[in-house]
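A.B. asks: pasted the sequence and its predicted model underneath.
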Amino acid sequence: MAVAYVTRFVDGLLAYVQERIDAHPGQIDEAVQDAMHGVFRIGMGDPVVLNIVGPDPHRDLMGIVTIDGTPIMKRASDGLAEILAMSWAQVRRSEAQIAAGVLVRLAFSHLTMPIEGPEEAAREVSSVLSPFLAQAVRA
């Protein structure tokens with residue numbers, strides 16, 4: 001049950017990211033920042049995340065994204081790589097997989113151990129990864 005709960009949460013975030021990337025054709029920096037801001041804003045208030053990082057963490061949920069996190073991280077990374085490769089940006093598959101892996105790990109880190117708010121987290125992630133993605137966009 002917990003795996004299904006987290007999987008649904010991740011799939012919802014991927015759908016949101018797809019929507020935000022589609023909303024910024026030709027603007028990879030704005031697309032990444034907008035998508036990540038929403039992921040952090042939604043995630044930091046979502047019951048799934050709050051049940052992982054809150055004062056009384058749910059052990060099953062925590063284990064799914066930490067100890068046994070590989071399947072969820074892979075699903076999120078593969079889904080994001082697909083979005084990057086198939087969107088208007090048409091990021092080359094190899095670079096899409098690299099960027100997606102880094103973005104997903106950063107997103108999980110920011111969501112499970114937030115230091116700053118969603119806007120600042122999105123700005124930091126975007127400033128680091130957008131230049132990489134801009135070079136990877138197929139001309």
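C.D. replies: Done, it's in. Keep in mind that this is a model prediction, so the values were computed, not measured.

A.B. asks: any stretches of this structure with poor pLDDT?
C.D. replies: For the chain, the stretches with pLDDT under 70 are 63-68, 138-139.

A.B. asks: rerun that using 50 as the cut-off
C.D. replies: Within the chain, no range satisfies pLDDT under 50.

A.B. asks: next, the buried residues of whichever strand or helix holds Arg8.
C.D. replies: Following DSSP states H and E, the helix or strand that holds Arg8 is helix 2-22. Residues of helix 2-22 classed as buried by neighbour count (16 or more other Cβ atoms under 10 Å): Tyr5, Val6, Phe9, Val10, Leu13, Leu14, Tyr16, Val17, Gln18, Arg20, Ile21. Any C-beta I mention is one placed from the backbone N, CA and C, and that applies to glycine too.

A.B. asks: quick one: Ile28 and Ser130 touch, right?
C.D. replies: Yes: using Cβ atoms under 8 Å, Ile28 is in contact with Ser130, at 5.8 Å.

A.B. asks: look at those two and report which has more neighbours.
C.D. replies: Comparing Ile28 with Ser130 by other Cβ atoms under 10 Å, the one with more neighbours is Ile28, at 25 against 19.

A.B. asks: got a list of contacts for the helix holding Arg8?
C.D. replies: Here helix 2-22 makes contact (Cβ atoms under 8 Å, 6 or more residues apart in numbering) with 31, 34-35, 38-39, 42-43, 46, 48-49, 58, 60-61, 64-65, 71-72, 75-76, 79-80, 83-84, 87-89, 107.
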